[in-house]
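Visitor: I'd like to go over a predicted model; first the sequence, then the structure.
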Amino acid sequence: MVSLGLLLIPSAHAWEADRTYKFTLLHTNDHHGRFWNNDRDEYGLAAQKTLIDQIRYDVQAHGGAVLILSGGDINTGVPESDLQDAEPDFRGMNLIGYDAMAVGNHEFDHPLAVIRQQQKWAKFPFLSANIYDKTRGERLFQPWQLFNRMGLKIAVLGLTTDDTAKIGNPEYLKEIEFRPPAAEAKAAIDVLRQQEKPDVIVAVTHMGHYDNGQHGSNAPGDVEMARALPPGYLDVIVGGHSQDPVCMAAENQKQHDYVPGSPCIPDRQNGTWIVQAHEWGKYVGRADFSFRNGKLTLEHYALLPVNLKHPVHNADGSDSWVNYGEPIAKNGAMMKLLTPFQKRGERQLLVRVGEVSGRLEGDRSKVRFEQTNLAQLILRGMMARTRADFAVISGGGVRDSIESGPISYKDVLKVQPFGNTVVYVPLRGSEVKAYLDVVANKEADSGAYPQFAAIGLRADGRAVSEVKINGQPLQPEKIYRMATLSFNATGGDGYPRLDQRPGYVNTGFIDAEVLKDYIEQHSPLRAADYAPPGDVSLPTMPLAPVPANAR
């Protein structure tokens, strides 16, 4: 049992002296379209509902109440969801009984009109205190929501990473401002304490958890915000974005290779608990709190795996997948709700487009740290469509791997789910050099980390040298055609803007369609044929790979 310590609560608060209040905070984050279970029957909203219902009934039987929060990024990741604007996901969350969610950066993979439609589907508020309309200077979303749990007044404040301005689709963000979350949190909490006088203040955030506040090229996250606020100003942060199981091995150091079902100690910074439940609904985080005489105590915390499995090697040489814990049955009402959405999506997606021998690597722990064969395949497809001399994209745009065997349209859309268009632009050799000086020195372990095709270079953290295009030294006065994606060309991931340059052409071809066509034309593929040539040398990686899947 760990106590947050005595909080200075004004006498106007409604809690009763010497009464113990109990509530349980349940949380998920970075759902990314996983309303349905995967091929190994892991996670999915049907099993999640069964688990949460069991917890709710148990908590209520022991005199407590439940609050269910999401750290955001409901959108983007699974084609069945993407093609339906995440309608099944929001309707499934309604059935579970979510109370609120943070607005994530991937909510802005859609225009604001789609987000407004999603808000109509959802029966819970989208919260963010730091997203503003540039013209009117007004917040675009509800900043907080108040909840009563067994007579205890709980305020939930939403916050969104200001990196969204950099990593979101620039086309949809022209009139939107993302203000620094920590400053907005302080101002909002001041208002809450003065006007609403909540007993407990929770921030549901989409900002990321970075060990000891070392956020690298990412915007500051939950740790940095907790440290920036006065001690005890914020009781709990329910996070998302970095897609980690936040289980601490030591002070300011997360436990690497967390084993599902094992004990989990959340982070604590400046009197604030920080929790995060990895991604995709793989876990439901459970934090059991008691509140007595102004003192909030975390009684117990756990990450509860949702049918996660591990391989077991059998005597006959085969492998079986075995649950880490007791199997969780799927809720019948949820299956009835979601099955029509799943079937509708499958009909569009299970069309075979080709095949590959060998794995095409697109995992986050690779594409943000090194050149990969799947990125090469994507880039070659873009070059073929545009007749470009070379191509560049940011690694954060590659969202999944393709396994050896048949390739379906679904596989392609999982790799490139954002619907960006392929563009090209003519650049003089000297301009290519200036562009690469910026792009080639983007930090590893960020979505901005570059993937190149038909380029050789050496980068030193400030500039590039020994630049070659198609094996030939870069000529300063020669005109080269470069292909990239509309996301990067309009400044996404902090890349230099190209869309206002003379000769810039947006082809209108969707990235996934270009990849699909290239696979169809070149199948059967050999993964070995797309191995990076090894002529790109980037700065030494300062951080260790983190196996997560969010830009």
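Guide: Arrived safely.

Visitor: following the helix or strand bottoming out on mean pLDDT in the chain, which helix or strand comes up?
Guide: Using mean pLDDT, DSSP states H and E, strand 2-6 stands out as the lowest-scoring helix or strand of the chain, at a mean of 37. Reading on from strand 2-6 to the C-terminus, the next helix or strand found by DSSP states H and E is strand 20-28.

Visitor: for the record, mean pLDDT for whatever helix or strand comes next after that following strand?
Guide: On the C-terminal side of strand 20-28, the closest following helix or strand by DSSP H and E is helix 45-61. The average pLDDT for helix 45-61 rounds to 98.

Visitor: any idea how far helix 45-61 is from the middle of the chain?
Guide: Mean-position distance between helix 45-61 and its chain equals 25 Å (C-alpha atoms, centre = their mean, to the nearest Å).

Visitor: direction included, what does whichever helix or strand comes after that helix pair up with?
Guide: The helix or strand immediately downstream of helix 45-61 is strand 65-70, counting by DSSP H and E. Counting by DSSP bridges, the strands paired with strand 65-70 are strand 20-28 (parallel), strand 100-102 (parallel).

Visitor: which of these sits closest to residue 291?
Guide: Closest approach to residue 291 among those is made by strand 20-28 (4.3 Å; C-beta to C-beta). For glycine as for every other residue, the C-beta is placed from the backbone atoms N, C-alpha and C.

Visitor: now the angle between helix 45-61 and that closest one, please.
Guide: 180 degrees (axes from the mean of the first three to the mean of the last three C-alpha atoms, to 10 degrees).

Visitor: quick check: buried residues in strand 20-28?
Guide: By neighbour count on 16 or more other C-beta atoms under 10 Å, the buried set for strand 20-28 is 21-28.

Visitor: check stretch 114-126 too.
Guide: Within stretch 114-126, the residues scored as buried using 16+ other C-beta under 10 Å are 114-115, 117-119, 122, 124-126.

Visitor: just stretch 35-49 next, same as before
Guide: Applying a neighbour-count criterion of 16+ other C-beta under 10 Å, one finds 35-37, 42-49 buried in stretch 35-49.

Visitor: please apply the same query to stretch 86-100.
Guide: 86, 88-93, 95-100.

Visitor: and residue 478, how many neighbours?
Guide: By other C-beta atoms under 10 Å, 14 other residues sit near residue 478.

Visitor: hang on, I meant residue 388
Guide: When neighbours are counted by other C-beta under 10 Å, residue 388 comes out with 23.

Visitor: phi, psi for it please.
Guide: In terms of degrees, to the nearest 10, the main-chain angles of residue 388 are phi -80, psi 160.

Visitor: tell me who's in contact with it.
Guide: By C-beta atoms under 8 Å, 6 or more residues apart in numbering, the contact set of residue 388 is 382, 424, 481-483.

Visitor: could you find the closest non-adjacent residue to it?
Guide: The shortest distance from residue 388 to any non-neighbouring residue, by C-beta to C-beta, 6 or more residues apart in numbering, is to residue 483 (3.7 Å).

Visitor: where's that neighbour relative to residue 115, distance?
Guide: Residue 483 sits 30 Å away from residue 115, taking C-beta to C-beta, to the nearest Å as the criterion.

Visitor: according to the record, where do the domains of the protein fall?
Guide: The record's domain split for the chain, according to automatic domain parsing, is 2-341, 351-537.

Visitor: that older thread, in a strand, that's where the residue nearest to residue 388 is, yeah?
Guide: Yes. Applying DSSP: H, G, I helix; E, B strand; the rest coil, one finds residue 483 inside a strand.

Visitor: that one and residue 421 touch, don't they?
Guide: No. The pair residue 483 and residue 421 does not pass the contact test of C-beta atoms under 8 Å, sitting 11.1 Å apart.

Visitor: so what touches stretch 397-407?
Guide: Applying C-beta under 8 Å, 6+ apart, the set of residues contacting stretch 397-407 is 76-77, 352-363, 367, 372, 374-375, 378, 411-412, 414-418, 420, 447, 451, 485, 487-488, 511, 519, 523, 525, 527, 549, 551.

Visitor: which among these end up buried?
Guide: For the contacts of stretch 397-407, a burial check counting by 16+ other C-beta under 10 Å picks out 76-77, 353-354, 356, 358, 360-363, 367, 372, 374-375, 378, 411-412, 414-418, 420, 447, 451, 485, 487-488, 511, 519, 525, 527, 549, 551.

Visitor: what's near enough to touch the residue nearest to residue 388?
Guide: Contacts of residue 483 by C-beta under 8 Å, 6+ apart are 379, 382-383, 385-386, 388, 390-392, 422-424.

Visitor: determine which two of those are furthest apart.
Guide: Checking the contacts of residue 483 with C-beta to C-beta, the most distant pair is 385 and 392, at 14.8 Å.

Visitor: so for the two, which sits in the more crowded spot?
Guide: Neighbour tally, residue 385 and residue 392, criterion other C-beta under 10 Å: the higher count belongs to residue 392, 25 against 20.

Visitor: got a pLDDT number for the residue lying closest to the more buried one once chain neighbours are set aside?
Guide: Nearest residue to residue 392, sequence neighbours excluded (C-beta to C-beta, 6+ apart): residue 484, at 5.2 Å. Predicted confidence (pLDDT) for residue 484: 98.

Visitor: residue 484 reaches residue 498, doesn't it?
Guide: Yes. Judged on C-beta under 8 Å, residue 484 makes contact with residue 498 at a distance of 7.2 Å.

Visitor: name the residues contacting each of those two.
Guide: Counting by C-beta under 8 Å, 6+ apart, the shared contacts of residue 484 and residue 498 are 423, 425.

Visitor: who has more neighbours out of those two?
Guide: Shown here are residue 484 and residue 498; by other C-beta under 10 Å, residue 484 has more neighbours (27 against 21).

Visitor: distance check, the more buried one against residue 424.
Guide: Using C-beta to C-beta, we find residue 484 at a distance of 8 Å from residue 424.

Visitor: mind listing what residue 122 touches?
Guide: By C-beta under 8 Å, 6+ apart, the neighbours of residue 122 are 90, 93-94, 98, 101.

Visitor: roughly how far apart are residue 229 and residue 267?
Guide: Counting by C-beta to C-beta - residue 229 and residue 267 are separated by 15 Å.
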